[in-house]
Structures are given as C-alpha cells and as structure tokens.
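Asker: next come a sequence and a model predicted from it.
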There are 2 protein chains.
Amino acid sequence: MTANKRAPKATATEESLHRIFTIPEAPDSTLGRIEQEISQNLAGFLGDHIVAKDHLLTSIEKDFASSAIPEEPAYVSDHMHHLLDKLVAKSVHTSSPSFIGHMTSALPYFILPLSKLMVGLNQNLVKIETSKAFTPLERQVLGMMHRLVYQENDDFYQHWMHSADHSLGAFCSGGTVANITALWVARNNLLKADGNFKGVSQQGLFAALNHYQYNGLVVLVSNRGHYSLKKSADVLGIGRDSVIAIPTDENNRIDCTKLRAKCLELRQKNIAILSIVGVAGTTETGNVDPLEEMAGIAQEFNSHFHVDAAWGGATLLSNKHRNILKGVELADSVTIDAHKQMYVPMGAGLVVFKDPSCANSIAHHAEYILRKGSKDLGSHTLEGSRPGMAMLVYASLHVISRPGYELLINQSLEKAHYYAQLIEQHEDFELITKPELCLLTYRYNPKQVQLYLERCCENEQLAINQLLDQLTKFIQKRQRENGKSFVSRTRIEVSKYANRKTVVFRVVLANPLTTKAILNEVLQEQTELAQESISLLPQLFDKAISRL
Amino acid sequence: MTANKRAPKATATEESLHRIFTIPEAPDSTLGRIEQEISQNLAGFLGDHIVAKDHLLTSIEKDFASSAIPEEPAYVSDHMHHLLDKLVAKSVHTSSPSFIGHMTSALPYFILPLSKLMVGLNQNLVKIETSKAFTPLERQVLGMMHRLVYQENDDFYQHWMHSADHSLGAFCSGGTVANITALWVARNNLLKADGNFKGVSQQGLFAALNHYQYNGLVVLVSNRGHYSLKKSADVLGIGRDSVIAIPTDENNRIDCTKLRAKCLELRQKNIAILSIVGVAGTTETGNVDPLEEMAGIAQEFNSHFHVDAAWGGATLLSNKHRNILKGVELADSVTIDAHKQMYVPMGAGLVVFKDPSCANSIAHHAEYILRKGSKDLGSHTLEGSRPGMAMLVYASLHVISRPGYELLINQSLEKAHYYAQLIEQHEDFELITKPELCLLTYRYNPKQVQLYLERCCENEQLAINQLLDQLTKFIQKRQRENGKSFVSRTRIEVSKYANRKTVVFRVVLANPLTTKAILNEVLQEQTELAQESISLLPQLFDKAISRL
C-alpha cells in the first residue's frame, strides 16, 4: 500500500480515528472527486476507469496476494488511487450496453444517491428496533410483489400485509436464498407436526421420514432448472439426487406428460413430492414452463408448487407479456429477483407465498428479538441481520411505475426479437433458441457447414459439432478479451443435433441502453473473430465446406 | 405518491425512462441536495431528519398500506420528499452515539462514497465473468481474516488463497448465513461418501443416517448460543431439538464438565456430534466460551468445532485483548460479522475454515458458470449472486489498519468497564453481567430492594423480581419512546436469583462516538424514568422498601 512508502509513516491515533468517523471527505479530495464523477456521469467514470482489455486473472491475483492485515493505516486518498488502479480498472463493466452476456444492466440514476442514503441509515431489517419504518415499508414491498403475482383484492392485503403472525413473503439477498426459503417452507409444511411427531422443523428429516413412512422425498423440475435447486436440496438435507430432472420439449419447457408419469411412478413407490418447481425464465434459454398445466399436476398430487421466476418474474409488470407466465398465480411460492429485470443493484431477491400462513412453518423466535407477536421481519427469513434494500425496490416501483417497467420489458423483448432476426438473416450464424423472454442463444456456423450438417452421417456431424464448439469457445473468449463487448456461453442440448450438448453464445438483452447499432456491432465482431480463427481449425472443417 | 396529485399527470415514456438511466440528478435537485447533506454531514442529516420521538408502529403502517404498484410514475424529487417524511423521519438512528442497545454503530466516512462506488460498479461475485478483480480481492479478504484467526505463515496463504479448488472461507450477507454454511460443511464432511453411499450431499440425511447407522445427529452449544443455530439445524434437516443446550457457569460460559459428560452420553447412545459450537461473544451478555478446552473435547470426540464469533471475532484485531478468544485458532470454522465491530455497513458476514479443503463438501458446479476448475467464488457459497461488499472490508482493513482497529476495540472495552463502574457505584442500579467484551447487562433496582431481596423468602423474592421485570420493561420502553437514547432489553437466567429468567437492560458500547458524558446521561434518564414509574407499581414494592 502506497501509504507505507511515505514519510512520515502514518499511525493510527485516537484523533485520526475520531476524524475518520466524524469528518467527511473534502469535495476536492480524491474520494470526493471520484464521488462527484460518479454522480455526474457514472457511465463516463466507468468507461474511463475500467480498462476494456481483459487481464489474466493470475496477473490480477498478484495485486491481491498479501494475507497480512496492514500494520499501518493507508491515507484514504492513497487507498482510493490503489483501488482505482488495481480494482476498478480490472473490474467488469456490467452496466455497459455492449455487455450483453449476463443479467446485469445499467441502473437508474436515482439508485446511486439512494443507496448512499441506505448505507448512511444502516438499518437492520431483522427487527423493528433497528429498522422501524423500514419494516412496514418492506412488508408493503412484499405486498406489492405478492399482488403482482396473485392479484388478490384490497381487503386481502389490508388484512394480511401487516399482520404480525403472517408474512406474504421474505426479502433476501438473492434468488438462491429465495429458492432455499421456498423449499424449506414446503419441506416443513409437508412434514409437519402430527400426533406425537413434532414436525421436521423440531425433529429433523430422519424422524420425519420414519414418522410419515415415505420411501423418499423429491423435488421435480425440468432439466433446465437453476443449479440453486440442487444446492437447496443439499442444504435442506434432501440430497442433490432427489432433484429429479424432467425432460424438456424442443422449446426448453418441461414435458408435462413426462412430469405426470413421473408423479404417478413416485406415488406407486410411496415417495413424497416435496415440490414441483416451474421455471419462469430458464437461466440458459429464457423459456417459461407451462405453469398452468404444472399447477394442475401439483394439485393432483397434492404437492407444493414453486415457481422460480428469479429472472422472468418482472415480466408480470408488462400487461402485454404477463400472459407468458400464465398460471404463476396458482403457485404456492414464487421467487423473483429485483436485482435482475427490476433494475435494482445486486442483493435484492424475494419470495412470495400465496397463503399468508404458509411461511409459519419456518417461523422462529428468540428472547432479545423476534419475540412472539412482534412484527419483526427476522422471524420468517433465512437470513438474520439484513440491510434496507427494500427501499430501493420501493423507490423504483414508484419512480418507474408499472407502466414504466412495462415499457422497459417490452423494449427488451423487442430487442431480443430484433437480434434473433439479425442472426437468422445472417447466413453464417445459427439461432439455437428463440427468445421467449429477452434471452437467446446462437452460434457462428458458416452456411456451407450448416448445409453439410444436414446431410452428413452421424459421426461426421459429431466431429463437426465438436469443432464448432471449439470455435464458439474461441470467439467468446477473444471477444471478452478484446473488451469491446461481452456475450456469455453455455452448453445446452440441441434437439436437431440428437440432443447433443452444444456450446452456444448466450445473450441477455435487458439493458435499456443497448441499441440496435450495438447488436449489429457485436455480430460483426464475432464474424471477424470467426474468420480469423477458422483457419486455425483442423482440416476437417475445410473438408466439410469443400465437399459441398 | 404526491406525483399523482399533480397536473399534468406524469406518464412513463421511452424518453423519460431513457433519462432515468442516463441523466444524473442535478446537484440542486432534492435528491442532489440530500446527497450533499449526507456527504457533508451525515450525523447532522440524520439528526435533522430522524424524528427522535417514537411513533406507534400501527400509525407508521398507514403510510405503507397500499399494495398496488403505482400506475403513474412519481417525480424523483416528490418521491424523495415522501421518503424523507414517511421513511427516514421514522427510521432508527442506529449510528447515534446514544443508541447503545444494539450492535450497530457510526460508520467511517469513507464508507459512504465507497458504497456508492460499489453500487455503481454493481459487480456480481458469484463468478469472475461479472466480478473479475473483485474475486481475487474477496479471496484476499478471506485470506486476511483467516490469518487473523489461524495465523498461518506466508507460504500457507501463497499456496491456498487463490487456489481454484480450495477456499479459505465464504463471504456472505451475515452471521446467520455464515453459521448455516459452517454447519452445512460440517454435516457434509461427517456424512461424506463412503463405499456405495454417495454422501449426504447427494443422497440426503435419511440415507446418510441409515448408512452410518447413527441414532441421531446433534449440535452442542451453550444455552447462550445464538438463535441462528437452531435455525441452521432446522434448515439443514437436523431439527431444532438436536441443538442441545449445555448449561453455562455464572459467567455465561459453557460448563465444559457438563459438555464432556454430554458427549460421553451421546457416544454411548451412538448419536453423532455434528458440531460443538463455541460462542465468542454471546449476543446477550458478550461472554466468550473457554474455546481451548472446548477444542480439546471436540478433538476427543472427533467432532467439528465451530466458533460463532459473529460479534466477538473482531477482538482478534486487538493484540491486547485477542487472548480472550484463546483457542479460536483450533476451531475448524469461525463466523465473523464485519458489519458488527469492524464498522462496515449491514450485509457483510463471513466464515473461515481452518482446512482449505473443508468447504469442498459443499462445492457445486453448473454449466454456464462455476465450471469445474474455475475460481468463481459462487461454487463454495450458500448464496448465489452477491454484491462486492468485500471491497468495503478490504478498504477498512487498509485505511483503519490493525492497530487502528485495536484502538477502537480497546476503547470499546474501556468504555464498557467505565459504564459497569458507574452502575456499580450507583446504589440504585444492579450490574447483572460484567463486560468481558463491550457488552453488559444491568437493571434498575433501588438499594433497599436489593437489600431486601437478599434476606426475604423465595416467594417474596419471586414476587419482587416480577415487579422489577415490569419496571425494567417500562423504563426501556419509555426511554426508547423519548428518543434521546436507546438501550435494549432481554431476559437472562441470573444465578443469584436461582437462575430465574430476569429482564435486564442490555448495552453494547461499540460506537466510537459514544462518550462517558453520554453514558452518564443514559443512566440519569433511567433514574428519572424509574422514579416516575415506581409509584405506579403495586404496594408490594413499597412494602419491600418500608420493611427494611
């Protein structure tokens, strides 16, 4: 740390520490200037300071190699230079309009000062004593999101929204915790107290399965389900193997015939279905399961029905498109991430419960906080201490409003359709999955190779697809390294190639600042990278092309 | 939403939305002015805007009663007025030097602009693709905290800190998630794959207990253990009943003789000890278990040893006092909350693991991220998407430095001892638990009543203690409502009153801005409130006093 090299050496004194807690950075200090830059022109600041070109991780690690906690304090200004140089410069420009590979986006401007207010207030939502008005505010946000999903009437919300003994949902740091919470609730409701048995919550899973005499416990989800569901099953003691992947159709939606057949089979084996999970916006392709049909099956088999709408849930804000999620209102619980398509910064997930009593199966109380009958939000959450992120969702819902969100969501979908069209019109690209939400996958695949793939034998198809996988990986990596734009990549089963797992580009078009011009540029860059690299591929590729 | 009342009505248009994402608030706008106020004088801003007097929760709820998502956008300035008036005014001044009831404190000033930078960068730590340099930074912070606890040498950290297949710890939103993570790791290591059994992670708890033929699975912790441990046991499928509370001595520390006796009993019953948990800073009294002795017992019974140092862990930064946690370096895992005594805002917890392979029992991978061999931090955490909070810990460690933290921690302890002395010198107060860390409990108890309690019969003692409980509750409530200062209250077993659960004031002295003068004022206010209320108590009290 640069401060160490300065003379005289810095030392921590009572006075210097007191200053740190009481005297703000002067506007003309380094940190003050950085803050002004961020306030006046965030995009400019990020553009100026984040070095576009990719750095090797191992070289970055050298700057973060010391495990010793400094024995000398750094001056704030020196440390800020250090952070700008070593951290900010080598971070990722997640809000760049050409960073279309993941679910991050530009943020509305008012979010920045509001976040600062949130940090300055430093409320702790675990209990009212450290959050006061933030508690009713969070309950209102949960009520609004509940209403967005379930559309109950005013009376319903008046009755339940602020009820001490109920909760319409749980706010949390993200979709994974939301999914764990939903399945935790489902598990505890399924294996509830009964006779002498005090419930899984008290006595655990071993006693629960012995009591109920089930031969097992499973979660059913399509093979496009998010990895957090397996993680949830692990955490909750059910085991990853108990998450049964049901095949999807050619549109990446769960095959309900197979789902129902599996349910019948499980019933015969006396295996309990802890939850059927619908996916509303698969992470990899953005498709939405047939939720209404799934709800019917869940009802038939008396199973909890959870919908993981971490990504797609915000679509409900669009009257035009909310139909894509038809049936979500039949779910017992729904996960939505506000930090995805609701344009709130990282750390804002939530789950809502259809039945306000549903989450009582995980309620807990303690002596010094969360006393029974209190309205402390901590009694129905997995996390304990939590910041006041709900304020950012609240403000966004008010400043952007429902029709504003609708415009944003409709725009994203239109953009995805436009990009899909670009790809389909380009003879050397192959659209792999069409956008249902604003997510799509594709790859570079020269026209001749596409034609050849249609007629060649299975072995040749396999060999060529392997080469194309290499090509996709190469292009994606180089594009990231060049730093102008970013698309992600994944591997998905493609029906037209005998369900072989195929490497594809994955694009998410949720950033309102992404323009059509940028999309054209991304494709142009990929074309150039492909041409540059095709010569590096083995002869087989040439052969495939020349044989035509 | 005041905007609704304005003419012309606001509507969301593509242009207005584009503006929200691209044009910052003008410095002279409401939000701009709020931000400047916060930047220039946070304490002044909070003092001006947070209304000291307590509001009835039910009256606040009226302002957060609408479940409808607004159909019209609010102007940012209108909405900010609304937030100031309805939310900020009725929030809790957690950084006030006289708010000494919970573990929140004033924050160093540089934290505010840094938080804004963090939000502006909006990195997602789940994977390198959305966090880049933040990933090595977080690994370094985990390395530093690991070293703070375990004091391994440079070689150790050079070898493990950035190893893709290992992790020295997990950063998370708070101590509860840290504790769940630690016990999850312990559970999965205890019930690991063995022969045909694929491990609890894959096959779940029912199969695991059948395979290992244990008659049960328990967590042992003192009866002062944090409620999050029972929550963890519930989540992890072990059941709350499996958290066995071991009695404490008169200093609120676990009785190791009883702990060992319980272990022997469990061994005879063939019940596996998933973890012995040491508490380093009980939430209610701030005492630290005899960690070294506990580590020995854990080793004898081959159990995971976890230390919940969410509150007290920062004491390790003080060379003078780190000895209080002697033995913590023998723990397999240790929870520390940076948002407690490390002066970082809400949302920064972590757990470190002695053995860098320990957390591999919870490792998970997915196709589009967290590929095997990647250094993505998301493969070893309970949460998925997470913000770059580690930057705030990193900056604090550098700017405050170890000796700076030492000063702060030593000051807190001195202040607690000073306050304890004040209480002991005041004849009408009774110190219930002495400060070991900067936390203590006491109550108002007039001298004559104290004397009477010593000599009266058991029934009378009980009756008077019940009255004193009422009195303590009354004073605490009134003090909170007055809004000048805040202490919390809890109920703890008091050995000198036959271990009866007794209501006490609870005070945490971690705010560097709390002065001795403030402490004198707090006690003075309590004395006045007590005298005001004593007349309201039934005659018994008078009788007790007059009988002397």
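Answerer: Alright, I've got the coordinates. Residues are numbered from 1 along each chain as shown, chains lettered A, B, ... in the order given.
Asker: pick out the residue of chain A closest to chain B.
Answerer: residue A:237 (2.3 Å; CB to the nearest CB). Heads up, the C-betas are built off the backbone N, CA and C, glycines and all.
Asker: give me the helix or strand of chain A that scores worst on average pLDDT.
Answerer: Using mean pLDDT, DSSP states H and E, the weakest-scoring helix or strand in chain A turns out to be helix A:539-546, at a mean of 64.
Asker: wouldn't residue A:280 be in contact with residue A:325 here?
Answerer: Yes - counting by CB atoms under 8 Å, residue A:280 touches residue A:325, with 5.2 Å between them.
Asker: next, the closest residue to residue A:527 other than its chain neighbours: phi, psi?
Answerer: Among residues not flanking residue A:527 along the chain, residue A:428 sits closest, at 6.7 Å (CB to CB, 6 or more residues apart in numbering or on different chains). Per-residue torsions, residue A:428: phi -100, psi 10 (degrees, to the nearest 10).
Asker: and residue A:243, by the same measure?
Answerer: phi -90, psi 110.
Asker: kindly report the same for the one 4 residues further on.
Answerer: With angles defined as degrees, to the nearest 10, residue A:247 shows backbone torsions of phi -60, psi 150.
Asker: go ahead and confirm it touches residue A:258.
Answerer: Yes - counting by CB under 8 Å, residue A:258 is a contact partner of residue A:247 at 5.6 Å.
Asker: and the nearest residue to residue A:446 once chain neighbours are set aside, how far from residue A:524?
Answerer: The shortest distance from residue A:446 to any residue that is not its chain neighbour, by CB to CB, 6+ apart, is 4.8 Å, and that residue is residue A:428. Residue A:428 sits at a distance of 12 Å from residue A:524 (criterion: CB to CB, to the nearest Å).
Asker: neighbour count: those two, which is higher?
Answerer: Between residue A:428 and residue A:524, counted using other CB atoms under 10 Å in any protein chain shown, the more crowded position is residue A:428 (17 against 11).
Asker: can you check the pLDDT for the more buried one?
Answerer: In this model, residue A:428 is scored at 95, pLDDT.
Asker: what's near enough to touch the closest residue to residue A:389 other than its chain neighbours?
Answerer: Spatial nearest neighbour of residue A:389, excluding adjacent residues (CB to CB, 6+ apart): residue A:348 at 4.6 Å. Residue A:348 is in contact with A:171, A:173, A:174, A:337, A:338, A:339, A:342, A:389, A:390, A:392, A:393, counting by CB atoms under 8 Å, 6 or more residues apart in numbering or on different chains.
Asker: apply 6 Å and report the result again.
Answerer: Contacts for residue A:348 (CB atoms under 6 Å, 6 or more residues apart in numbering or on different chains) come out as A:338, A:339, A:389, A:393.
Asker: in a markdown table: these, plus distance to residue B:414 and neighbour count.
Answerer: As requested, these are exported to a markdown table (distance: CB to CB, whole Å; neighbours: other CB atoms under 10 Å in any protein chain shown):
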| residue | distance to residue B:414 | neighbour count |
| --- | --- | --- |
| A:338 | 43 | 27 |
| A:339 | 42 | 27 |
| A:389 | 35 | 29 |
| A:393 | 42 | 24 |
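Asker: those residues in helices, which ones?
Answerer: Counted as lying in helices by DSSP state H, out of these, are residue A:393.
Asker: show me the shaky parts of chain A.
Answerer: Applying pLDDT under 70 to chain A picks out residues A:1-9, A:366-371, A:538-548.
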